[in-house]
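>>> Here's my sequence, what's the structure:
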Amino acid sequence: MAILTGPRDDIASQALSFQHPHRIQALTDLMYSSIHMTMGIQQLQLEPNSTLHLYEQAANAIRQYITSNALPPGSPLPSTAEIAKALSLNHLTARRALLKLADQGLVNIVPCRGVFVGSAAFEKRILWIGGLDLANGDISSFYTDGLRRFNQQLRELGYVMDYAWLPNEKDKCDPYCRPEILDKYCGFVFYAGYNDHPVLKYVVANNAPYVHMLPGSKSPSHTVTCPRVLPTVCRSLEHFAERGHEHVDVIKIVSIFDTPEDIEMLLRTARSLRMRVRLHRVPDRPRKSDYIHLGDQLMASLLDDPDVTPDALCLADEIVARGVALRLLNHGVDRLPNLDVVVIGRDEEAMHLGLPVTPMSWDAKAAVTSSVAMLHEQLTGGEQHPKSIIFPYKIGSFDKKPMPHVPMEVIELA
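Have a look, this model is predicted:
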């Protein structure tokens, strides 16, 4: 058995002394991989203006070396001494950087053999963050449906998705605003919430790949959204005008996305249609049960109004619509037999209100598909999507047969 000695650059001349073709090929492959590894490690650089510790900068440089060279799990890496020399660090700092990567599963340190690429080096993990604008534990089907759809579509592309429920509270967000989170995940999905969320701001500041799926957002980048609510309400007024209504009550939650221009547009639309419109603005609340209660209260006040009997309702929130539906079903549906109701939201919510309603909805499934594509193309460097994608609301209908009348048996007990 022959032993190759000397510098790596001399491996080629020693390999030629072997006559067996398979052995020559194996040694030639070793030569090129060794030279490539040496050349690559010499290009490693620390970030000149970084505030991270030196060992963290070194860990980032090694991680970049693995990904840029597309080294598969099990590939040998330069030794601690070579890394220390390339980065002008002492041996202990380079060793600490490798231990950090080993804790994350990105490298394997095998005693007496060397350092190798770990199995987690190319495990593409995505962090899905939902509930950004809700109180902790108050999770509606809007979020659970989004979680399910994202998980399914990301899994089909080979990603592993973790999830976290993070309301905008400092003590819950701080653990996710750390470099190790950026190390662990290759991309982030923010589902709903506002643009001032601490984790979103941290991800944006560090140029990490992300997508923000947020109904009504005016964010200019990395966003998949639907039109803001008040312009959509204007479309519902046109729908009511086509059906001959002259009085419309609009119930809407106060939102930071509402602008004075939107209110003025709503006023102009009402005037052009010669329609009397009352806008009822529900104050923002952290829990969906509060919205249901407010919807019930507001509908009760409308039913008791002696001046105007509502004949058309635009409910610009599917959760508030639940409270309105409860009040109507229990106390008022018989008093308003010709009431026309439009619900802006998801079909899944509107069809279970128990009332004959007209839904105005946007395609949540298509929006998730576009969000996944936008994030995937950031990660793969493919053709980029537009910075913001808007899915319009569309008026739909439910084909429901009226419930048959069921005779009730009445028994006099006393």
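
>>> low pLDDT regions in the stretch 1-150 of the chain?
For the stretch 1-150 of the chain, the stretches flagged by pLDDT under 70 are 1-44, 67-70, 120-123, 131-141.

>>> quick one, helices of the stretch 1-150 of the chain?
All helices of the stretch 1-150 of the chain, identified by DSSP state H, counting those that start in this stretch, fall at 11-15, 21-42, 54-68, 80-87, 91-103, 141-156.

>>> would residue 252 count as being in a strand?
Yes - assessed by DSSP: H, G, I helix; E, B strand; the rest coil, residue 252 belongs to a strand.

>>> how many neighbours does it have?
Using other CB atoms under 10 Å, residue 252 has 20 other residues around it. (Glycine included, C-beta is placed from N, CA and C.)

>>> bridging residues for it?
Note on residue 252: beta-bridge partners residue 281, judged by DSSP bridges.

>>> mind checking pLDDT for it?
At residue 252, the pLDDT value in this model is 85.

>>> how's this protein carved up into domains?
Per automatic domain parsing, the domain ranges recorded for the chain read 8-117, 125-226+366-395, 229-361.

>>> Which residue, other than its chain neighbours, is closest to residue 345?
Nearest residue to residue 345 in three dimensions, chain neighbours excluded: residue 318, at 3.1 Å (CB to CB, 6 or more residues apart in numbering).

>>> typo on my end, residue 247
Distance criterion CB to CB, 6+ apart; nearest residue to residue 247, sequence neighbours excluded, is residue 276 at 4.9 Å.

>>> Who are the contact partners of that neighbour?
Shown in contact with residue 276 (CB atoms under 8 Å, 6 or more residues apart in numbering): 246, 247, 248, 270, 308.

>>> Quick one: which of these is the most crowded by neighbours?
Highest neighbour count within the contacts of residue 276, by other CB under 10 Å: residue 248, with 25 neighbours.

>>> In three-state terms, label that residue for me.
Here residue 248 is recorded as strand under three-state DSSP.

>>> Could you check how many residues crowd around the residue nearest to it when sequence neighbours are not counted?
Leaving aside its chain neighbours, residue 248 sits nearest to residue 312 (4.4 Å; criterion: CB to CB, 6+ apart). Neighbourhood size, residue 312 [other CB under 10 Å]: 24.

>>> Then residue 105?
By other CB under 10 Å, the residues close to residue 105 number 14.

>>> follow-up on the earlier one: what sits against the residue nearest to residue 345?
With contact taken as CB under 8 Å, 6+ apart, residue 318 is in contact with 142, 343, 344, 345, 346, 349, 350.

>>> how about the strands of the stretch 251-400 of the chain, start to end?
Under the criterion DSSP state E, counting those that start in this stretch, the stretch 251-400 of the chain contains strands at 276-282, 312-315, 340-344, 358-361, 388-390, 394-395.

>>> mind listing what's buried in the longest one?
Think strand 276-282. By neighbour count on 16 or more other CB atoms under 10 Å, the buried set for strand 276-282 is 277, 279, 280, 282.

>>> What angle do strand 247-253 and it make with each other?
On the basis of axes from the mean of the first three to the mean of the last three CA atoms, to 10 degrees, strand 276-282 is oriented at 20 degrees to strand 247-253.

>>> before we move on, back to that, and which of the contacts of residue 276 is nearest to residue 172?
Nearest to residue 172 among these: residue 248, at 40.8 Å, using CB to CB.

>>> Was I right to think the closest one contacts residue 237?
Yes - in this structure, residue 248 is within contact of residue 237 by CB atoms under 8 Å, at 6.2 Å.

>>> what do these two both touch?
Applying CB under 8 Å, 6+ apart, one finds that residue 248 and residue 237 are jointly contacted by 270, 275, 277, 314.

>>> Closest one of those residues to residue 130?
Within the shared contacts of residue 248 and residue 237, the smallest distance to residue 130 is 27.4 Å, found for residue 314 (CB to CB).

>>> what's across from that closest one in the sheet?
Going by DSSP bridges, residue 314 is paired in beta bridges with residue 250, residue 342.

>>> For it, the count of nearby residues, please.
Neighbour tally, residue 314, other CB under 10 Å: 27.

>>> for residue 232, same thing?
By the measure other CB under 10 Å, the count of residues near residue 232 is 19.

>>> can you check residue 197 too?
If we define neighbours as other CB under 10 Å, then residue 197 has 20 of them.

>>> so who does it touch?
The neighbourhood of residue 197, defined by CB under 8 Å, 6+ apart, consists of 132, 166, 168, 173, 190.

>>> can you pull out the strands in the stretch 101-250 of the chain?
Counting by DSSP E, counting those that start in this stretch, the segments of the stretch 101-250 of the chain that form strands are 107-110, 114-117, 125-130, 160-165, 187-191, 210-213, 223-225, 247-253.

>>> could you dump those strands to TSV with distance to residue 77?
Below are the strands of the stretch 101-250 of the chain laid out as TSV (distance: least, CB to CB, whole Å):
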stretch	distance to residue 77
strand 107-110	6
strand 114-117	4
strand 125-130	21
strand 160-165	23
strand 187-191	25
strand 210-213	29
strand 223-225	39
strand 247-253	54
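
>>> Nearest to residue 80 among the ones you listed would be which one?
Taking CB to CB, strand 114-117 is the member of the strands of the stretch 101-250 of the chain nearest to residue 80, at 7.3 Å.
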